[in-house]
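[1] Quick one: sequence plus predicted model below, questions after.
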Amino acid sequence: MKYSIGVDFGTQSGRALLVEIETGREVAMAVKAYTHGVMDEYLPDGVTKLEPDWALQHPADYLEVLQVTIPEVLAKSGVNPEDVIGVGIDFTSCTIIPTKADGTPLCFLKEFEHNPHSYVKLWKHHAAQDEANALNKLAEQNGEAFLARYGGKISSEWFLPKVWQILNEAPEIYNAADSILEATDWVVSQLVGKERRNSCTAGYKAIWHKKQGYPSKSFLKLLDPRLENLVEEKLSTDIFPIGTKAGEITEKAARLTGLKPGTAVAVGNVDAHVSMPAVGITDPGKMLMIMGTSTCHIVLGESEEMVPGMCGVVEDGAMPGYMGYEAGQSCVGDHFEWFIENCVPIQLQEEAKQRGIDIHQLLTEKAGQLAVGQSGLIALDWWNGNRSTLVDADLTGLFIGMTLLTKPEEMYRALIEATAFGTRTIIETFRANGVPVTELYAAGGIAEKNALMMQIYADVCNMEIRIADSSQTPAYGSAMFGAVAAGKERGGFESISEAAGAIGKVKEHYYKPIPENVAVYEKLYAEYSKLYDYFGRGENNVMKRLKNIKKAALRN
Ligand SMILES: Nc1ncnc2c1ncn2[C@@H]1O[C@H](COP(=O)(O)OP(=O)(O)O)[C@@H](O)[C@H]1O
Ligand SMILES: O=C(CO)[C@H](O)[C@H](O)COP(=O)(O)O
């Protein structure tokens, strides 16, 4: 038997999954929580305070994940490393890291360890909104064609606003960086000893196009004369398609991971996109929601359509041979996390403890006893801004309909429904703009853990939902890409579509819309849509004004 390992670098932790290639059997899994977690208040020195909307990570944590989880899956499974023929990596994105030419992250250097800009900017770092706004304004004025490929707006989560923020606020870091790259490519470089930038993050996050390349020098100069040579100075025009081999495990990486030197390593990928073949999707119209801290929506299309508010359309971005469309919601599980940390009374916490269940399970159980519409609540799912279709990180959350009788489980349910309405808005926007969405699939921690939530999504969207048959879908997808990198002759696959056909999998059980619920959700969705437009499209910018007042108050 031959095996492949997929390593999924999430928001809070990294996990490795060892897969038997022929059968798709998941043999062993290991998780390592990041030692430094998400740094959103202080640097590791404990004194350097971060401003609001920052979210950083420490690259040492990524190496630790490799060092801990790969030996662990080898030990747990008893598989001989000789029989592991491939490794694939996926990551959150856009998650970027400034490094020296030899790959050393700037935050590893003594001189920069107290400088926040030397660390990894995590996908949910939202402090480059000013740069994103300025970029969008100039791109629009200049008639830049790339803008439409990103739904009309470049998000503050993406590569260029984040890099520009470094330049604006810490030119010494910008100047010291020989390379600024996606964390997925950095980890791959640590395994194979050379930089191999992937087409997925280049396309979706760094405004790279297969035929047109990056934004022009003249546009970059218009943004800031110091950015004119950004591509030559900090990026690369050598972009490697997903589904190809980045290289092989070096002697150094072998010492770190316990793998054999020469093991094939796939070009890096993104947690969302890598999950498509894992559920067996290889053709257009089938939308996959990857639901966790945030949700990404990926769907394949035949033609390049310009969809307002999508995250991007990239040729070969998710599956070779197709246009890959991405949209997303910046905050899904994070809503529920916020809620359980801040809004759950002690009695409920005790009840969960006594019954030996998770507080999410308890709230879900109670929320499941409510009839649709019974709470009288609607929420706007913008606790971490709106990624699609408004592309605005400055929007914030909202509950409407609260009374003295409002219960925590009603609020929890309203948050679930809000995320479902957000997804429906995305689906309808795709459909209205020439990208068919005919089937719905879900993967990720939440799709597996929360049956009520999946039923609510089926009812709100009035679509059946099929669920990934792996609790580690991204890692499983990465293992498939690892097997493709190894190639057929070594016991892997010829192509990712062959792999998807052979071992892509969904559960037998799927969710079907319940007609009575669908009818009530139609009414609630109509109300949600009104609130969405009112607060999100400029009619009432109260959320932004409050944010400015807050920023001013924090400065004093
Ligand atoms: N039973 C549950 N129902 C809904 N959300 C949950 C449940 N359990 C955990 N979560 C949320 O799921 C998120 C974690 O999702 P997961 O897929 O495990 O991680 P990640 O997004 O980092 O890959 C957290 O934000 C947490 O609040
Ligand atoms: O933007 C994304 C992919 O393009 C994801 O939202 C981001 O990577 C975070 O993923 P997760 O919620 O699973 O931690």
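    On my side now, so go ahead. Ligands and ions are numbered 1, 2, ... in the order given.

[2] any idea how far stretch 37-54 is from the chain center?
    21 Å (Cα atoms, centre = their mean, to the nearest Å).

[3] Does ligand 2 have contacts with it?
    No: applying Cβ under 6 Å from any ligand atom, one finds stretch 37-54 separated from ligand 2 by no less than 9.9 Å. In this view, the C-beta of every residue, glycine as well, is placed from N, C-alpha and C.

[4] Same question for that stretch: list its buried residues.
    Neighbour-count burial for stretch 37-54, with 16 or more other Cβ atoms under 10 Å as criterion, is recorded at Val38, Met39, Leu43, Pro44, Leu50, Asp53, Trp54.

[5] which two of those residues lie the greatest distance from each other?
    Pro44 and Asp53 (19.3 Å; Cβ to Cβ).

[6] tell me the average confidence for the host helix or strand of Lys547?
    Assigned by DSSP states H and E, Lys547 falls within helix 542-555. Helix 542-555 carries an average pLDDT of 93.

[7] Also stretch 308-316?
    93.

[8] which other residues reach that stretch?
    149-153, 155, 199-200, 203-205, 209-210, 241-242, 296, 301, 304-307, 322-328, 387-391, 426, 429-430, 433 (Cβ atoms under 8 Å, 6 or more residues apart in numbering).

[9] go with 6 Å
    The contact list for stretch 308-316 (Cβ atoms under 6 Å, 6 or more residues apart in numbering) reads 149-152, 203-204, 210, 241, 304, 323-328, 388-389, 391.

[10] what are the phi and psi angles of Met310?
    Phi and psi for Met310, reported as degrees, to the nearest 10, are phi -70, psi 170.

[11] nope, Ala246 is what I was after
    phi -90, psi -30.

[12] Quick check: it touching Thr263?
    No: Ala246 is beyond contact range of Thr263, at 11.5 Å (criterion: Cβ atoms under 6 Å).

[13] which residues of the chain score low on pLDDT?
    Along the chain, no part satisfies pLDDT under 70.

[14] Tell me how far Tyr34 lies from Pro59.
    Computed as Cβ to Cβ, to the nearest Å, the Tyr34 to Pro59 distance reads 10 Å.

[15] what do you get for Glu315?
    Note on Glu315: its distance to Pro59, by Cβ to Cβ, is 30 Å.

[16] So between the two, which is more surrounded?
    Pro59 (22 against 16; other Cβ atoms under 10 Å).

[17] residues touching the residue nearest to Glu251 when sequence neighbours are not counted, list them.
    Of all residues not flanking Glu251 in the chain, Pro261 sits nearest, at 5.2 Å (Cβ to Cβ, 6 or more residues apart in numbering). Pro261 sits next to Ile249, Glu251, Ala254 when contact means Cβ under 6 Å, 6+ apart.

[18] ditto for Lys100
    Counted by Cβ under 6 Å, 6+ apart, Lys100 has contacts Asp178.

[19] From ligand 2, how far out is it?
    25 Å (Cβ to the nearest ligand atom, to the nearest Å).

[20] Kindly report the same for Ala483.
    22 Å.

[21] What residues sit buried inside the host helix or strand of that residue?
    Under the criterion of DSSP H and E, Ala483 resides in helix 473-486. Neighbour counts using 16+ other Cβ under 10 Å place 473-486 of helix 473-486 among the buried residues.

[22] cool, and stretch 163-180?
    163-170, 173-174, 176-177, 179-180.

[23] same check, this time on stretch 300-308
    So, applying 16+ other Cβ under 10 Å, buried residues of stretch 300-308: Leu300, Gly301, Glu305, Met306, Val307, Pro308.

[24] Now do the contacts for the third one.
    With contacts defined as Cβ under 6 Å, 6+ apart, the neighbours of Glu305 are Asn433, Gly434, Val435.

[25] As a markdown table, those with neighbour count, secondary structure and distance to Ala443 would be great.
    Below are these laid out as a markdown table (neighbours: other Cβ atoms under 10 Å; DSSP: H, G, I helix; E, B strand; the rest coil; distance: Cβ to Cβ, whole Å):
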| residue | neighbour count | secondary structure | distance to Ala443 |
| --- | --- | --- | --- |
| Asn433 | 15 | coil | 25 |
| Gly434 | 13 | coil | 25 |
| Val435 | 26 | coil | 20 |
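
[26] Kindly indicate which of those residues lies nearest Asp102.
    Closest approach between the contacts of Glu305 and Asp102, by Cβ to Cβ: Val435, at 42.5 Å.

[27] And the longest helix anywhere in the chain, what's buried?
    Longest helix of the chain, by residue count under DSSP state H: helix 408-432. Neighbour counts over helix 408-432 (16+ other Cβ under 10 Å) mark 408-427, 429-430 as buried.

[28] Backbone dihedrals for Lys530, please?
    Reported as degrees, to the nearest 10, the phi and psi values for Lys530 are phi -70, psi -40.

[29] now do the one 5 residues further on
    With angles defined as degrees, to the nearest 10, Phe535 sits at phi -90, psi -20.

[30] Count the neighbours of it for me.
    Phe535: 21 neighbours (other Cβ under 10 Å).

[31] Relative to ligand 1, how far out is it?
    23 Å.

[32] same thing with Pro320?
    Pro320 is 25 Å from ligand 1, by Cβ to the nearest ligand atom.

[33] how about that residue, what does it touch?
    So Pro320 contacts Gly243 (Cβ under 6 Å, 6+ apart).

[34] Check the gap between it and Asp185 for me.
    Distance from Pro320 to Asp185, by Cβ to Cβ: 19 Å.

[35] now Lys124
    Using Cβ to Cβ, Lys124 is found at 19 Å from Asp185.

[36] Ok, Trp382 next?
    31 Å.

[37] Would you list the phi and psi of the nearest residue to Ile357 once chain neighbours are set aside?
    Nearest residue to Ile357, sequence neighbours excluded (Cβ to Cβ, 6+ apart): Glu365, at 8.0 Å. Dihedral pair for Glu365: phi -60, psi -50, per degrees, to the nearest 10.

[38] In contact with the spatially most central residue of the chain, which residues are there?
    In the chain, the residue lying closest to the centroid (Cα atoms, centre = their mean) is Thr92, at 4.6 Å. For Thr92, the contact set (Cβ under 6 Å, 6+ apart) comprises Thr11, Trp123, Asp271.

[39] quick one: which helix or strand includes Met289?
    strand 286-291.

[40] Beyond that strand, next helix or strand please.
    Next element after strand 286-291 (DSSP H and E): strand 295-301.

[41] Specify the angle between that next one and helix 408-432 in degrees.
    Per axes from the mean of the first three to the mean of the last three Cα atoms, to 10 degrees, the angle that strand 295-301 makes with helix 408-432 is 20 degrees.

[42] Direction included, what does the following helix or strand past strand 295-301 pair up with?
    Counting by DSSP H and E, the next helix or strand C-terminal to strand 295-301 is strand 312-315. Sheet pairing of strand 312-315 (DSSP bridges) gives strand 323-329 (antiparallel).

[43] mind checking how far the strand it pairs with is from the chain centre?
    Distance, centroid of strand 323-329 to centroid of chain: 11 Å (Cα atoms, centre = their mean).

[44] cool, stretch 386-396 as well?
    15 Å.

[45] What residues does the protein have near ligand 1?
    So the chain meets ligand 1 at 10-12, 292-293, 333-334, 336-337, 360-361, 364, 444-446, 449-450 (Cβ under 6 Å from any ligand atom).

[46] Buried subset of the residues you listed, written for ChimeraX?
    Those of those that count as buried under 16+ other Cβ under 10 Å are selected in ChimeraX with:
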select :10,11,292,293,333,334,336,360,364,444,445,446,449,450
